[in-house]
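Colleague: A predicted structure for the sequence below; I have some questions about it.
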Amino acid sequence: MNHSVRRGPSRPSLLPGRIVLLSHRPFETRALGRRLGRHLEGNEIIALSGPLGSGKTCLAQGLGRGLGIAQPINSPSFVLMKRYRGRRQLTHWDWYRLNAMADLESSGFGDPQIESGVIIIEWAEKFLDCLEQPFLHIEIALGGGNTRRMVLAVRGRSVRFRRLLREIEAWWKARQKNGKTDTNPGH
Ligand SMILES: Nc1ncnc2c1ncn2[C@@H]1O[C@H](COP(=O)(O)OP(=O)(O)OP(=O)(O)O)[C@@H](O)[C@H]1O
Ligand SMILES: [Mg+2]
């Protein structure tokens, strides 16, 4: 018997590089953020894309809770960036008002003094190519009503992010099976 070919569940090629989740309420999006936040170690970039009001800040709020941040997380639109202390530092960027590369460069983004810890970026699609890989890209699309279609994708090579996606997908499925949807906001 040939024992050299092992197809264990953690082989990188078998781990998902992309998952799609449907959220039907703000609390579901927050719960996703929280779950992600609980798994973060403090050196990750989470890039959020999606139109106005799609739920990027909502997801960031959950992520902050998952990182143990007690302070409320609000949109940093007018200041470009806010920093929070929890189990790990969180730097929350909003690139909505950034249009030129020169603005990004003068914003301090990429400065290691600022950037230690978890980085979450709203409107990341504006400068996605400037982000150091690997990072997790979450694209949110508006569905009808409160529905949000969220595509979570690993950009670059990262077994750790792929494992994270597998965990998130399994958790999300179990959550839906247990009825933690419309009426039961238990996270
Ligand atoms: N399933 C859902 N997930 C997230 N937010 C939802 C959902 N359904 C409805 N909403 C509503 O959509 C809005 C999302 O607002 P939020 O500030 O998070 O969006 P945003 O993507 O950060 O917008 P902006 O581009 O202006 O920063 C909130 O009013 C929230 O209540
Ligand atoms: Mg926002």
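Modeller: Cool, got the structure. Ligands and ions are numbered 1, 2, ... in the order given.

Colleague: hey, let's count contacts and neighbours off CA atoms from now on
Modeller: Fine.

Colleague: So which residues on the protein come close to ligand 1?
Modeller: Contacts of the chain with ligand 1, taken as CA under 6 Å from any ligand atom, map to 23-26, 29, 51-58, 146-148.

Colleague: try 8 Å
Modeller: Listed as neighbours of ligand 1 in the chain under the rule CA under 8 Å from any ligand atom: 22-30, 49-60, 75, 77, 94, 96, 122-123, 140, 145-148.

Colleague: buried subset of those residues?
Modeller: Of the members of the residues of the chain next to ligand 1, the ones counted as buried by neighbours, 16 or more other CA atoms under 10 Å, are 22-30, 49-50, 54-60, 75, 77, 94, 96, 122-123, 140, 147-148.

Colleague: quick one: which of those residues sit in strands?
Modeller: Counting by DSSP state E, these place L22, S23, S49, D94, E122, I140, R148 in strands.

Colleague: for the last one, what are its contacts?
Modeller: I take that to be R148. By CA atoms under 8 Å, 6 or more residues apart in numbering, the contact set of R148 is L22, S23, H24, S54, G55, I140, A141, L142.

Colleague: in which helix or strand would I find the residue sitting nearest the centre point of the chain?
Modeller: What sits nearest the mean C-alpha location of the chain, by CA atoms, centre = their mean, is I46, with 4.4 Å. Taking DSSP states H and E as the definition, one finds I46 inside strand 45-49.

Colleague: quick check: mean pLDDT across that strand?
Modeller: Across strand 45-49, the average pLDDT comes to 98.

Colleague: Just the residues contacting it, thanks.
Modeller: With CA under 8 Å, 6+ apart, strand 45-49 has contacts from 56, 118-125, 128, 134-140.
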